[in-house]
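Undergrad: what follows is a protein structure lacking sequence information:
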């Protein structure tokens, strides 16, 4: 594993994050910046995991495709994650969901930090995106009840990523459009696209620092 690359990225996560600047490009219509909060007292906590791993000199992050039979968000591309239980921390919830959804043992994972939290006003959740690294590259075991497919996304695809199209969605009696990424043959929109945009921005910034400092 390229430890110098990961240490630069870890350090970048500890600095001021791009947050709104990265999210805004993929924020759905009608959001009006509400994803940046502040969240109301009623908001529930959720956590997702962005897991980095290296294979053949390239870095990847896994995404999940939700099964068609689910009641909510069927077929959508998402990140491993879910609600934070009353008796657990946010990072523990993200690691638990990582294991439950795609079979990665939490003991093999090294947390690196977090990205900017997002308030999803439609569902009244505040999502904390955790970032971690694992070595060697894991063999994923997707839970068929929650995951139809694991997408292994190369991090280089997130460099300067821009919306490729606008997808039309419905919310109760409203229709709206959302900027979307086209990644690994899938259309990614909403909170997942916003978090990936920030991940790509922080990763690219850390990479640039490494080039400036002539580090490995």
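TA: Cool, the structure landed. Worth saying up front: this structure is predicted, and the values here are computed from it rather than measured. Numbering: from 1, shown residues only.
Undergrad: hey, what's the nearest residue to residue 81 once chain neighbours are set aside bridged with?
TA: Distances taken as Cβ to Cβ, 6 or more residues apart in numbering put residue 48 closest to residue 81, at 3.0 Å, once the chain neighbours are dropped. In this view, the C-beta of every residue, glycine as well, is placed from N, C-alpha and C. Under the criterion DSSP bridges, residue 48 forms beta bridges with residue 81, residue 129.
Undergrad: residue 48 and residue 141: what is the separation?
TA: Between residue 48 and residue 141 the computed distance is 19 Å (Cβ to Cβ, to the nearest Å).
Undergrad: which of those two has more residues huddled nearby?
TA: Here residue 48 and residue 141 are set side by side on neighbour count (other Cβ atoms under 10 Å), and the busier one is residue 48, at 25 against 12.
Undergrad: residue 35 contacts residue 123, doesn't it?
TA: No. Here residue 35 lies out of contact with residue 123, judged by Cβ atoms under 8 Å, at a distance of 11.6 Å.
Undergrad: who has more neighbours, the two?
TA: In terms of neighbours (other Cβ under 10 Å), residue 35 is the more surrounded of residue 35 and residue 123; the figures are 24 against 13.
Undergrad: show me what the closest residue to the more buried one other than its chain neighbours bridges to in the sheet.
TA: With sequence-adjacent residues excluded and distances taken as Cβ to Cβ, 6+ apart, residue 35 is closest to residue 118, at 5.0 Å. Residues found in beta-bridge contact with residue 118 (criterion: DSSP bridges) are residue 127.
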